[in-house]
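**Student:** have a look at this prediction, sequence included:
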Amino acid sequence: MSSNKTFLITGVSSGLGKAFAEGALAAGHRVIGTVRNADAASTFLALAPDRAHAMLLDVTNFDSVPKAVARAESEIGPIDVLVNNAGYGHEGILEESSLDEMRRQFDVNVFGAVAMIKAVLPGMRARRSGHIVNVTSMGGFITMPGITYYCGSKFSLEGISEALGKEVKPLGIHVTALAPGQFRTDWAGRSMVRSERSLADYDAIMDPIRAARRAKSGNQPGDPAKAAQALLKLVSAENPPVRLYLGADALKLVQDKIEAMKAEMAAWEEVSRSTDFTA
């Protein structure tokens, strides 16, 4: 494969998706970026008229995904790297959040990503090469109250990524879960869907969290441009990792959880072992 790759990146209009696309284009790659409207398409095309290709697509319109990907591969060329970036955050106490809100969260963050994967896999499988990068979150391993649906969706995408990687590795295809910490994007601002508060019992835990998240929006430690450079290193690696955390905050919180899990497993080891048949 040549050093110049064709990327398909979902959700390139803002946030990490925009940074990923800009970084790949600056490095000389071709980028097919999904956008939701004609204005966003024009803006994206202007980044590099010869190498930026806009794809009008809603990833939750599952039936249209295979046709859109097939058309892109026919017109632009084989897709070397799929970056499933499109997604959003839902903030809300589980008891206060509707099942419809949960369905929407999973439609975008999980089912949309899987639809994209299923669309690119036949070509990657035929070529015995390719890299699928699913943007998850540190919230796909650690959890925080008030983003239960979001964490659930990212845990799901993490599990799908890891299992899929074992299925396709013998076929020359890599899969990586890319798990960012807090980055300076609109994730916690205008892009976040927030459920209405209704139960006073949760005020003590939720009110400080909601206030802190609003205050921190725009001041997060992660630099999207540096995340894009990390993505480029990832997809150029001969043996890329199964998951890659981005940000010192993500590393620390994940390491802390692993230590807590080890301690809890040790404390309950006797009970865990007690359920086997006695030899």
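**Tutor:** Structure's in. What do you need?

**Student:** how about the backbone phi and psi for residue 193?
**Tutor:** Per-residue torsions, residue 193: phi -90, psi 130 (degrees, to the nearest 10).

**Student:** that one and residue 98 touch, don't they?
**Tutor:** No - counting by Cβ atoms under 8 Å, residue 193 does not reach residue 98; the two are 11.1 Å apart. Where you see a C-beta, it was placed from the backbone N, CA and C, and this is true even at glycine.

**Student:** only the buried residues of the worst-scoring helix or strand of the chain on mean pLDDT, if you could.
**Tutor:** Sorting the helices and strands of the chain by mean pLDDT, DSSP states H and E puts helix 203-216 at the bottom, at a mean of 87. Residues of helix 203-216 classed as buried by neighbour count (16 or more other Cβ atoms under 10 Å): 206, 209, 213.

**Student:** dump the residues you listed into a markdown table; add distance to residue 87 as well.
**Tutor:** As requested, those are exported to a markdown table (distance: Cβ to Cβ, whole Å):
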| residue | distance to residue 87 |
| --- | --- |
| 206 | 22 |
| 209 | 20 |
| 213 | 17 |
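
**Student:** and of these, the nearest to residue 257?
**Tutor:** residue 209 (17.9 Å; Cβ to Cβ).

**Student:** and residue 199, how many neighbours does it have?
**Tutor:** 10 (other Cβ atoms under 10 Å).

**Student:** now it. Nearest residue, chain neighbours left out?
**Tutor:** residue 96 (5.8 Å; Cβ to Cβ, 6 or more residues apart in numbering).

**Student:** pretty sure that neighbour sits against residue 197.
**Tutor:** Yes - between residue 96 and residue 197 there is a contact at 6.4 Å, judged by Cβ under 8 Å.

**Student:** list just the nearest of the buried residues of helix 203-216 to residue 130.
**Tutor:** Nearest member of the buried residues of helix 203-216 to residue 130, counting by Cβ to Cβ, is residue 213, at 36.1 Å.

**Student:** strands of the stretch 101-250 of the chain, start to end?
**Tutor:** 130-135, 173-180, 193-194, 243-246 (DSSP state E, counting those that start in this stretch).

**Student:** please produce JSON lines containing these, extended by mean pLDDT, distance to residue 121 and mean neighbour count.
**Tutor:** Output for these, formatted as JSON lines (pLDDT from 0 to 100; distance: least, Cβ to Cβ, whole Å; neighbours: other Cβ atoms under 10 Å):
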{"stretch": "strand 130-135", "mean pLDDT": "98", "distance to residue 121": "8", "mean neighbour count": "26"}
{"stretch": "strand 173-180", "mean pLDDT": "98", "distance to residue 121": "8", "mean neighbour count": "24"}
{"stretch": "strand 193-194", "mean pLDDT": "92", "distance to residue 121": "30", "mean neighbour count": "15"}
{"stretch": "strand 243-246", "mean pLDDT": "98", "distance to residue 121": "20", "mean neighbour count": "22"}
